[in-house]
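[1] Could you look at this predicted model? Sequence included:
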Amino acid sequence: MQNRTKKIVSLILAGIALLCLMAIGILAFRQFSNDRLCQDTLDELRSAAESRKDNPGSTVSSTPGSTVPTPPAVIRETPAPAASAEPTPVPTATPAPTPAPVENPYKDSFLANSDMAAWIQVPGTPIDYPVMWTLRDEEYYLYRDFNGKDNSNGCLILDTDSCTNPLTTNLIIHGHNMKSGAMFGSLKNYENADYYEDHKNITLYTADVERNYVVIAVFRSQVYKKSDQVFKYYKFFQAETEEEFNDFYQNIKALSVYDTNVTAEFGDHFLTLSTCAYHVEQGRLVVVAKEVESGDHYLPIVE
């Protein structure tokens, strides 16, 4: 009787173990499928964007991606004035025409998910992702992919206190430090000055304009207690005064692990990339870049 009871218990435990293995397998397969679907979606969006960059379209005014060509200057001979005539005034140079807005290369991405605030690209690195912005819940995409499916990588997230239009002084983007190098897993490489030299440029494609940045500071920090009277980089979004601007600027330069020789002044705009680091509890690795120029301006995004 005792042996029979042991046998039944063993069978029950084996059955439970088998069910657990099956559940793990199903969850793993589901995660793999979601990852594959998300990767395929991002690859398609990247491909569409690169295609638009390579083929911006013709220059006729009705075509997206156009600029109006400047007509050649017409040279006319001016007769010499009579001796009694007043000196001929020097004509004022006509300013060059402003290039017409072009079609946003990430138009398909913006249309695919209205939560996308921008697309960030750091040439030569894995960072080539959409940036999500959800005022209703800042952490909505913390463990969700671009399609809204469960995903441990999550998405890059624009802090809800940042805004691309109107543009705040500082845009803060949060992302997971993935061991695979995905999301912001490659940011740790910026602690090496040689890596910085080869990857100092960052481009952010917002809905209305292309923004180009250069890295100005790289440092480690942490999320402090509310009562701690210390510099908190993650609390700076808008500089209303020069003093507020200088406080942020001087602190990030002082904390930087090396001197980038990039300077800033009141009126400049920053892009801050933030990810987890493990030197202290609630540690953070931070890369701050300064906007150096705007690129193309974009037409309104419509279907």
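    Structure received.
[2] Just the helices from the chain, written as ranges.
    For the chain, helices defined by DSSP state H occupy the ranges 2-54, 107-112, 193-198, 242-255.
[3] how about stretch 224-236 as PDB, C-alpha atoms only?
    What follows is stretch 224-236 as a C-alpha-only set of coordinates in PDB (Å, rounded to 0.1, in the frame of the first residue of the first chain):
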ATOM      1  CA  TYR A 224      18.400  59.700  -5.500                       C
ATOM      2  CA  LYS A 225      16.000  60.000  -2.600                       C
ATOM      3  CA  LYS A 226      13.700  63.000  -2.900                       C
ATOM      4  CA  SER A 227      15.300  64.400   0.200                       C
ATOM      5  CA  ASP A 228      18.800  64.200  -1.100                       C
ATOM      6  CA  GLN A 229      20.200  67.700  -1.900                       C
ATOM      7  CA  VAL A 230      22.300  66.700  -4.900                       C
ATOM      8  CA  PHE A 231      22.400  67.200  -8.700                       C
ATOM      9  CA  LYS A 232      19.600  65.200 -10.300                       C
ATOM     10  CA  TYR A 233      20.100  65.200 -14.000                       C
ATOM     11  CA  TYR A 234      16.700  63.500 -14.500                       C
ATOM     12  CA  LYS A 235      14.900  66.500 -13.100                       C
ATOM     13  CA  PHE A 236      16.100  69.000 -15.700                       C
END
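[4] which residues does the most centrally placed residue in the chain contact?
    A centroid search over the chain (C-alpha atoms, centre = their mean) returns Ile120, at 3.2 Å, as the residue closest to the centre. For Ile120, the residues meeting the contact criterion (C-beta atoms under 8 Å, 6 or more residues apart in numbering) are Ile127, Asp128, Tyr129, Val131, Leu156, Ile173, Ile202, Thr203, Leu204, Tyr205. (C-beta placed from N, C-alpha, C; glycine too.)
[5] Quick one: neighbours of Thr260, just the number.
    A total of 20 residues lie near Thr260 under the criterion other C-beta atoms under 10 Å.
[6] ok, Val257 touching Val215?
    No - distance between Val257 and Val215: 11.6 Å, which falls outside the contact criterion (C-beta atoms under 8 Å).
[7] Which one's more surrounded, those two?
    A count of neighbours by other C-beta under 10 Å puts Val215 above the other of Val257 and Val215, at 22 against 14.
[8] May I have the distance across stretch 258-272, first residue to last?
    Start and end residues of stretch 258-272 are separated by 17 Å (C-alpha to C-alpha, to the nearest Å).
[9] Please point out which parts of it sit buried.
    Buried residues in stretch 258-272, counted by 16 or more other C-beta atoms under 10 Å: Thr260, Val262, Ala264, His269, Phe270, Leu271, Thr272.
[10] which residue sits closest to the second one in space, ignoring its chain neighbours?
    Using C-beta to C-beta, 6 or more residues apart in numbering and skipping residues adjacent in sequence, the residue nearest Val262 is Ile216, 4.3 Å away.
[11] same check, this time on Thr134
    Spatial nearest neighbour of Thr134, excluding adjacent residues (C-beta to C-beta, 6+ apart): Tyr140 at 4.5 Å.
[12] Tell me how many other residues surround that neighbour.
    With neighbours defined by other C-beta under 10 Å, the count for Tyr140 comes to 17.
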